[in-house]
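Student: fold the following and give me the result.
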Amino acid sequence: MEVQQYRLDEARQQVGLDVWKSYQALQTGIENVGNAAALLQIAHRSFDAAKRRYAAGVGNMLELLNAQSSLSDANRQRIQVLTDWRAARLDLAAKMGRLEVNDLHVGSH
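Tutor: Below you'll find the model as predicted:
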C-alpha cells in the first residue's frame, strides 16, 4: 500500500509539474505574440517609409527590397508565434483536462 501511495504522490507531482510547464510556455507565448505584433508594426512603418523614399527619388531599389523582405520576415514570425501560442493553449487545456472539441476547430477563440 505504501508503494502505491508513493506512486500516486509521484504521479500527482508529475502532473503538477507538467501543468506548470505548460502554463509557463503559454505565458511566454503571450509575450511573444505582443513582441511579434510590435515587430510587424515597425516593419510596416519601415516598408512604408522606404516606399515613400523610393517614390520621391531619394531611396533606392535595394532599400525598398530590404524593407519588403523585413516585412515578409515579420509576417512569417507573427504566424509562427501565433501557431506556437495556440499550441501552448491547447497543451495547457489538455493537461488540465479542459480540452473540448470546440477548442480544436480553426478560428475558435
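Student: remind me, longest helix of the chain?
Tutor: helix 2-56 (DSSP state H).
Student: what packs against it?
Tutor: Packed against helix 2-56 by the contact rule (3 or more C-beta pairs under 8 Å, 6 or more residues apart in numbering; DSSP states H and E) you find helix 61-95. (C-beta placed from N, C-alpha, C; glycine too.)
Student: other SSEs contacting the helix it packs on?
Tutor: Counting contacts by 3+ C-beta pairs under 8 Å, 6+ apart, helix 61-95 is packed against helix 2-56.
Student: any idea of the mean pLDDT in the helix it packs on?
Tutor: What helix 2-56 shows for mean pLDDT is 96.
Student: and for stretch 78-95?
Tutor: 95.
Student: what does that stretch rub up against?
Tutor: Under the criterion C-beta atoms under 8 Å, 6 or more residues apart in numbering, residues 15, 18-19, 22-23, 25-26, 28-30, 32-33, 35-37, 39-40, 99-100, 103-104, 109 lie in contact with stretch 78-95.
Student: at 6 Å what do you get?
Tutor: With C-beta atoms under 6 Å, 6 or more residues apart in numbering as the test, stretch 78-95 has contacts from 18-19, 22-23, 25-26, 29, 32-33, 36, 40, 99, 103.
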